[in-house]
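[1] Got a sequence here, can you build the structure:
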Amino acid sequence: MCVSVLFALLSCQGSGVPEGKTAEGEDGKVYHGMIQLGEKLDDPYTVENMKKALESVYSTKSDRVDVVTTDLYVRFLPSGDEQLAKLQSLGLYLLDHPMDYRILREGDYYKDPAVQEDEITWQYAVVPKDFAFPSDIKYEVLDECFISEHDPLAKSAEGIDWDLVEREAFRLTGNGDMLDEMTKAGGVAPSGRITIEDPLFSGGKPFGVAGVEVACNIFVKIATCYTDRDGYYKMEKNFSGKPRYRLVFQNEKGFKIGFNLILLPASVSTLGKGEPEGMDWHVSAADDNALFRRCAVNNAAYDYYTRCNELDLGVAMPPADLRFWILNGLDCSSASMLHHGAFLDNALLVKYLGPWLALVKIFLPDVTIGTKEQDYAGIYTRVAHELSHASHYAQVGNSYWSPYVDYVIRSIISEGGDPYGTGEGDGASYCELGESWAYFMEESLKKDRYSGVIRRYGNTFWFRPDIFTDLYGYGMSREEMFRALTPDVTSMQQFKDALIKLYPDRESIISQTFKRYGK
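    Below you'll find the model as predicted:
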């Protein structure tokens, strides 16, 4: 658990931002940095524009259905992470940039220049006409819109081709260049597959990016869905024009992968405009290392979450709403669980962060993954290590985790950056037990994926992951060992006693194993 990344973050924020391509266009590239906006466009989906289009296409039938407001195009200005989370809990799909501007250059994020640097920027959304706006969050209604799929009367109106009406609305508003010639006969629901490859797994064959959110929109018409375990997705709305596609790294399993240039719970990778039929995308480290790292962390975490059940690993699921940060310029990782309340008001944080403390508290991570010079396998094992900590945390809580993190931070200060210290002092027993477990789990999960043998650490550390490895070799399952990692078990001696109490028929093997390592 290398909590030093938390502090290093404040002095090397640039290293957390991937270097990206800056060209614009629909050329199969991902663009990083800030989105650049062009001129404001006339939204074809406003009630006024859809009325005009209906009258233009069906001059004698337009009185058969009323074009009334179905949705509101709005923007919110949340004052912090709590308000942003509140908006997300309402099921809103939020964009950090307006939907009715031409995009001159794609990117990972947008920051309204009128909003302070340390504040969350405006969040744009489309909400139902009867949406109950939270009273404590600032918002503005920008347009009243008509989206035919959201109006039961419009969908049932005979003789009205709403795809044709939409196309006319695009033409009348000067946005005809956004339409796709292949969809003149009607819109289509985008579908496709997002893939990645791991040279050391399955013969290097592409496999799916699992459980990630795929989003597309053209103006205020938005569709979102999650990829399945094999990377396939299919939207539920039809499009006639070419939508903009994005991967949003909030996974259906309940975790988020964040930290672009600005602090956001979930990173976004914009893929640019694509055909309305859908977009396939193969993620390659050679083409875009930042997107590759996000997808590799996503898949490693998805695999771990999937295996946290009684029929497989039998360990606790990590806490809900787990927040990852990917730090591309750093080597070490951590599971400090700060977002979930571990170790917040300690004087050490005040000393280290000073005036930054309030900001860091708003955007705290739970898990940080250092991905400097890491391939897929390296990222996979790091995620396995840190999520093993997260499962441990889910079982023991903050009262256990805070002294653990306290020990690590004090070790960093006193031992020149070594997070594990010398094994002396308050909290050392927490570190010994927690790290032994996580290093064993890292290696056993690595073996599950890549075969081979579980690495033995010998005297690499002052703590002994090999105790777990030996117990596992004697037939004790990961679930059985995890069962003994309860809140009152804060040292290897107590862990040994807990195992013997749980499994008295194996007392001899347990005692001999611990004795071999002087425990």
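
[2] any idea how far residue 49 is from residue 57?
    Going from residue 49 to residue 57 by Cβ to Cβ, to the nearest Å gives 13 Å. (Each C-beta comes from the backbone N, C-alpha and C, glycine too.)

[3] One more: residue 373?
    Noted for residue 373: a distance of 58 Å to residue 57, by Cβ to Cβ.

[4] Residue most distant from the centroid, this protein?
    In the chain, the residue that sits farthest from the middle, by Cα atoms, centre = their mean, is residue 60; the gap is 50.1 Å.

[5] pretty sure it is in a strand, no?
    No: counting by DSSP: H, G, I helix; E, B strand; the rest coil, residue 60 is not found in a strand; it is coil.

[6] Same drill for residue 49 and residue 57, tell me which one is more crowded.
    Using other Cβ atoms under 10 Å, the more surrounded residue of residue 49 and residue 57 is residue 49, with 22 against 18.

[7] hang on, the more buried one packs against residue 169?
    Yes: under the criterion of Cβ atoms under 8 Å, residue 49 makes contact with residue 169 at 5.1 Å.

[8] Any idea how far apart the tips of stretch 86-102 sit?
    Start and end residues of stretch 86-102 are separated by 29 Å (Cα to Cα, to the nearest Å).

[9] now that stretch: how far from the chain's centre is it?
    Here the centre of stretch 86-102 is set off from its chain's centre by 16 Å, with Cα atoms, centre = their mean, to the nearest Å.

[10] try stretch 167-174
    Centroid separation for stretch 167-174 versus its chain: 36 Å, with Cα atoms, centre = their mean.

[11] Need the CA coordinates for that stretch. CSV is fine.
    Only the C-alpha atoms of stretch 167-174 are listed here, as CSV (Å, rounded to 0.1, in the frame of the first residue of the first chain):
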residue,chain,number,x,y,z
ARG,A,167,-33.8,14.7,-40.6
GLU,A,168,-35.9,17.7,-41.8
ALA,A,169,-35.2,19.5,-38.4
PHE,A,170,-31.5,19.0,-39.0
ARG,A,171,-31.8,20.4,-42.5
LEU,A,172,-33.9,23.4,-41.4
THR,A,173,-31.4,24.3,-38.6
GLY,A,174,-28.4,24.2,-40.9
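
[12] what is the mean pLDDT for it?
    Stretch 167-174 carries an average pLDDT of 95.

[13] Could you list the low-pLDDT ranges of the stretch 1-150 of the chain?
    1-28, 62 (pLDDT under 70).

[14] Start from the N-terminal end of it and give the strands.
    In the stretch 1-150 of the chain, the strands defined using DSSP state E, counting those that start in this stretch lie at 36-40, 71-77, 101-105, 123-128, 138-145.

[15] you'd agree residue 72 is up against residue 126?
    Yes: here residue 72 lies in contact with residue 126, judged by Cβ under 8 Å, at a distance of 7.1 Å.

[16] More neighbours: the two, which one.
    Shown here are residue 72 and residue 126; by other Cβ under 10 Å, residue 126 has more neighbours (25 against 20).

[17] Next one: that one from residue 219, what distance?
    Counting by Cβ to Cβ, the gap from residue 126 to residue 219 is 9 Å.

[18] same thing with residue 464?
    Distance, residue 464 to residue 219, using Cβ to Cβ: 60 Å.

[19] So between those two, which is more surrounded?
    residue 219 (27 against 24).

[20] quick one, what contacts the closest residue to that one other than its chain neighbours?
    Leaving aside its sequence neighbours, residue 219 sits nearest to residue 43 (Cβ to Cβ, 6 or more residues apart in numbering; 5.0 Å). When contacts are counted by Cβ atoms under 8 Å, 6 or more residues apart in numbering, residue 43 touches 49, 73, 99, 100, 143, 145, 173, 219, 220.

[21] Can you tell me which of these are classed as buried?
    The neighbour count (16 or more other Cβ atoms under 10 Å) marks 49, 73, 99, 100, 143, 145, 173, 219, 220 as buried among those.

[22] Can you pull the domain assignment for this structure?
    Domain assignment for the chain by automatic domain parsing gives 4-8+311-516, 21-283.

[23] need these in TSV with distance to residue 297, can you?
    Shown next, in TSV, are the domains of the chain (distance: least, Cβ to Cβ, whole Å):
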stretch	distance to residue 297
domain 4-8+311-516	6
domain 21-283	6
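
[24] Nearest to residue 302 among those domains would be which one?
    Residue 302 sits nearest to domain 21-283 of all the domains of the chain, at 4.4 Å, using Cβ to Cβ.

[25] Which residue ranges of the stretch 401-519 of the chain form helices?
    Here the stretch 401-519 of the chain has its helices, by DSSP state H, counting those that start in this stretch, at 428-450, 466-473, 478-483, 492-502, 507-516.

[26] what's the neighbour count on residue 125?
    Neighbours of residue 125 using other Cβ under 10 Å come to 21.

[27] With residue 473 instead?
    Using other Cβ under 10 Å: residue 473 sits among 11 other residues.

[28] same check, this time on residue 122
    Residue 122: 21 surrounding residues under other Cβ under 10 Å.
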